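In: kindly return the folded structure for what I paste below:
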Amino acid sequence: MVDRALTQLVELCENTYNKDMTKLSAEQIRQLNSYSVYLTSPAHRLFTLHDLMDNTKTADCIKAVQTVSGSPNMTVAASFFMRRVGMFINMQMYNLATSDEMWNGDESKMCFGAIEEYGNKTVSTFVVENDWKLVDEDKHRDIIRKILLWANKIIRQIRTVTTISPLTLWENIFGFLLWQYHVMLENPATSDTARADFIILKEDETWKDIASKSLFAKFLNGHEPSELLNTTVRKTCCFSKDVPKLMQCGFCPLIY
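Out: Now for the predicted structure:
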């Protein structure tokens, strides 16, 4: 049912967004790069999103992440990888709120590569600039649902080869969204559009075919993003403390 809902929504979005490609601004590219999303080809290519979604290759993809990150096991590697995907989803929401743009690329054109950041080996996302499209302002609800269904599809696939909790993987996304919406809601230039998208994310209907209630609203528990910064808002640990050279995140419930 979930895959069918995603397919139907993809078709709807393809029929409603502006077909013309958009050229990302220097500021948008800077924002993407700040969240480890790049518009070049990786020097050390690991796998594509299409590979990850292939049942015969999923385990090998997560094992590749485990090797690069130095994670002690597949569960930690899966969480590490979903944090990287969460960065990309965060920038999708940013571009949607600030520029009415979305990534609409093919799974085979999104790839993940091994790079070094701040002295640490990590996995980053590589996409094609021409796959960013303009969307109508009144289609944000459809696009946000598409992004969430896409994220859910990846989470379900990762869990075919690990026992990691789906809540852990969703919270890996929400941590980035919490900070990004805090920034956008505090900025008068982006507050109105960000607020509209923020409300959509908290509505139960937006999460149809994923959960009976908005997982994001549950995560916020009635609070504004700015109220939850530097708090132990997470219900689960993301295991970043178990990855060599990484620290326990500030949202971790294991902090006493």
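In: from the chain's centroid, how far away is the host helix or strand of residue 30?
Out: Element membership for residue 30 (DSSP states H and E) is helix 26-34. Averaging C-alpha positions (C-alpha atoms, centre = their mean, to the nearest Å) puts helix 26-34 16 Å from its chain's average.
In: mind starting the numbering at 10 from now?
Out: With the count now opening at 10, the last piece we talked about shows up as helix 35-43.
In: report the mean per-residue pLDDT for that helix.
Out: Taken as a whole, helix 35-43 carries a mean pLDDT of 89.
In: same for the helix or strand following it, what does it pack against?
Out: As assigned by DSSP H and E, the chain's next helix or strand after helix 35-43 is strand 46-47. For strand 46-47, the elements it packs on are helix 83-108, strand 129-135, judged by 3 or more C-beta pairs under 8 Å, 6 or more residues apart in numbering; DSSP states H and E. Quick note: C-beta positions are derived from backbone N, CA and C, even for glycine.
In: deepest-packed of those, please.
Out: helix 83-108 (a mean of 23; mean count of other C-beta atoms under 10 Å).
In: so where is the stretch 60-209 of the chain shaky, pLDDT-wise?
Out: For the stretch 60-209 of the chain, no stretch is flagged by pLDDT under 70.
In: show me what contacts the nearest residue to residue 152 once chain neighbours are set aside?
Out: With sequence-adjacent residues excluded and distances taken as C-beta to C-beta, 6 or more residues apart in numbering, residue 152 is closest to residue 111, at 5.2 Å. Residues in contact with residue 111 (C-beta atoms under 8 Å, 6 or more residues apart in numbering) are 22, 26, 101, 104-105, 141-142, 144, 152, 155-156.
In: in three-state terms, label residue 111 for me.
Out: Secondary structure, DSSP: H, G, I helix; E, B strand; the rest coil: residue 111 is strand.
In: from residue 242, how far off is it?
Out: 27 Å (C-beta to C-beta, to the nearest Å).
In: cool, and residue 174?
Out: From residue 174 to residue 242 the distance is 16 Å (C-beta to C-beta).
In: and residue 249, what does it touch?
Out: Residue 249 neighbours (C-beta under 8 Å, 6+ apart): 88-89, 92, 255-258.
In: now residue 219: closest residue in space that isn't a chain neighbour?
Out: That would be residue 161: by C-beta to C-beta, 6+ apart, it lies 4.8 Å from residue 219.
In: so what's the residue count around that neighbour?
Out: Per other C-beta atoms under 10 Å, the neighbour tally for residue 161 reads 22.
In: in a helix, it, correct?
Out: Yes - the assignment for residue 161, made by three-state DSSP, places it in a helix.
In: test my guess that it contacts residue 217.
Out: No - the criterion here is C-beta atoms under 8 Å, and residue 161 misses it with residue 217 at 11.1 Å.
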